[in-house]
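1. Below is the sequence, then the predicted model.
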Amino acid sequence: MEDLFSTLPIDADNFEGALEVDENAKQISELSKQGYTLLKDNNIDEAEATFKKILEIEDNNNYALVGLGDSARKQNHFRDAIEYYTHCLSFHPGNNYALFGLADCYKALNRYHKAIEIWEQYLVHDDRNITVLTRVADAYRKIRDFKKSKQLYLRVLDMEDDNAYALIGLGHLHYDFKEYKDALYYWSKMLELHEDAVDIRVLTSIGNCHRKLKTFDKGIYYFERALVMDPKNFYALFGLADCYRGMNQQFRSIEYWDKILELDSKNKVILTRCGDAYRNTGDYPKATEYYQKALDIEYDLYAVLGLALINKGQGKYEDAVVSLSKLIQADPKNYRLYIDLADCYIKLNQKNKAIEVLQDFQKVGIRSQAVLEMLEKLQ
């Protein structure tokens, strides 16, 4: 019987073209694998060269464009990465890898609204991707959209009830909105799930919730646990100092302020806090020393206020009046300054001046119960 295929016409051009396409596809596949392996190993220059070889074979290849975008993003060259991802999406709309990378770039550039827009395009194709859902929730948190952020975090917890990113995100979200009890609930849940290998940031976050709730003794427990893990941790040292300050144990507070200053002697905020602690113990010379150190770095309102309060504490009311009056000019909405200035005038037997100062504050348009009560007593 005659071979059926031997009777069919052979188109040599088409046959060679098919072989070439097949060979190109094989080569692109090999180069793609090689490029992503290099990228994974942080050999970024070689990875970029490999992806560019693919573009020489096939213009607008999605693997190459995403690979080049990923390479640029890994080097924090976010605008270059955006160009590659956008180029890819113009030829391959809906490419999940390009969408994911593009949204991450916008997030890194703090363009959260744009990142959300891209991630939501991604979720059209894959609405159960936990990684993307938590990223969108994070972005909504950054733009302070409490409701949408919480909805997405809770959606993740419905899918995976111990998801660390969602629990931590909810903790940060509630903390940012001053809902400290709710923040404490989510961070405490994180601690329960990871008691044996807890992240130090969870401990300091729980401590900070107690600090804000003024349950200082409970906060101390968590900050001390954090210090066992890292004796130089700034947040643990600061938290302990502030808790002892809140408990009016100024000497214990000074102990931890000083430990921070051993690590960062030019920290202006801590210098003034230390000055405040010494002032509250009545050690005015030591307090003056710390305030002056802060002022040697640069002007600091709280250091100047501290020095004014030392003058007041020493009965130098006229000197305190001069300093406090200047501070009010610099910070006219700070009600504490008006109260201290009015108190100085009372000590100088200038009651009318004290009333005038408190009335000046009311003209600023801010309500303060403390100012109101002081004014009522004087009138």
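-> Nice, thanks for sending it over. Numbers count the residues shown, from 1 in each chain.

2. and residue 259, what does it touch?
-> Contacts for residue 259 were tallied using CB atoms under 8 Å, 6 or more residues apart in numbering; they are residue 237. (Each C-beta comes from the backbone N, C-alpha and C, glycine too.)

3. In terms of helices and strands, where is it?
-> Assigned by DSSP states H and E, residue 259 belongs to helix 250-263.

4. buried ones in that helix?
-> By neighbour count on 16 or more other CB atoms under 10 Å, the buried set for helix 250-263 is 250, 252, 253, 254, 256, 257, 259, 260, 261.

5. Go ahead and name everything in contact with the helix or strand that it is followed by.
-> Going down the chain from helix 250-263, the next helix or strand is helix 268-280, by DSSP H and E. With contact meaning CB under 8 Å, 6+ apart, helix 268-280 is reached by 238, 241, 245, 248, 250, 253-254, 257-258, 260-261, 264, 284, 286-291, 293-294, 297-298, 300, 302-303, 306, 309-310, 313.

6. Out of those residues, list just those in helices.
-> Per DSSP state H, helices hold the following members of the contacts of helix 268-280: 238, 241, 245, 250, 253-254, 257-258, 260-261, 284, 286-291, 293-294, 297, 302-303, 306, 309-310, 313.

7. Show the buried residues in these.
-> By the neighbour-count criterion of 16+ other CB under 10 Å, the ones in helices among the contacts of helix 268-280 include these buried positions: 238, 241, 245, 250, 253-254, 257, 260-261, 284, 286-288, 290-291, 293-294, 302-303, 306, 309-310.

8. follow-up on the earlier one: export the buried residues of helix 250-263 as TSV, with columns for distance to residue 151 and pLDDT.
-> TSV is the format used below for those (distance: CB to CB, whole Å; pLDDT from 0 to 100):
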residue	distance to residue 151	pLDDT
250	45	95
252	43	96
253	41	97
254	45	97
256	40	97
257	41	97
259	42	97
260	39	97
261	44	97
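
9. Dump those into JSON lines; add distance to residue 121 as well.
-> Shown next, in JSON lines, are these (distance: CB to CB, whole Å):
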{"residue": "250", "distance to residue 121": "56"}
{"residue": "252", "distance to residue 121": "54"}
{"residue": "253", "distance to residue 121": "51"}
{"residue": "254", "distance to residue 121": "55"}
{"residue": "256", "distance to residue 121": "49"}
{"residue": "257", "distance to residue 121": "50"}
{"residue": "259", "distance to residue 121": "49"}
{"residue": "260", "distance to residue 121": "46"}
{"residue": "261", "distance to residue 121": "50"}
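
10. Closest to residue 23 out of the residues you listed?
-> The closest of the buried residues of helix 250-263 to residue 23 turns out to be residue 260 (CB to CB; 65.1 Å).

11. OK, contacts around the closest one?
-> 234, 237, 238, 241, 267, 270.

12. Could you find which two of the residues you listed are furthest from each other?
-> Pairwise distances across the contacts of residue 260 (CB to CB) peak at 11.9 Å, for the pair 241 and 267.

13. Mind telling me what element residue 138 is part of?
-> Per DSSP H and E: residue 138 is located in helix 130-142.

14. average model confidence for the following helix or strand past that helix?
-> Using DSSP H and E, the helix or strand that follows helix 130-142 in sequence is helix 146-159. Computed over helix 146-159, the mean pLDDT rounds to 97.

15. Report the buried residues of helix 146-159.
-> Quick answer for helix 146-159 (16+ other CB under 10 Å): 149, 150, 152, 153, 155, 156, 157.

16. before we move on, what about stretch 110-124?
-> By 16+ other CB under 10 Å, the buried positions in stretch 110-124 come out as 111, 112, 114, 115, 116, 118, 119, 121, 122, 123.

17. go on, stretch 79-94?
-> Buried-residue list, stretch 79-94, by 16+ other CB under 10 Å: 80, 81, 82, 84, 85, 87, 88, 89, 92.

18. Who are the contact partners of residue 243?
-> Counting by CB under 8 Å, 6+ apart, residue 243 touches 207, 210, 211, 216, 217, 219, 220, 223.

19. hmm, which of these are the buried ones?
-> The neighbour count (16+ other CB under 10 Å) marks 207, 210, 211, 216, 219, 220, 223 as buried among these.

20. So the first one is in contact with residue 219, correct?
-> Yes: at 4.5 Å, residue 207 counts as touching residue 219 under the criterion of CB atoms under 8 Å.
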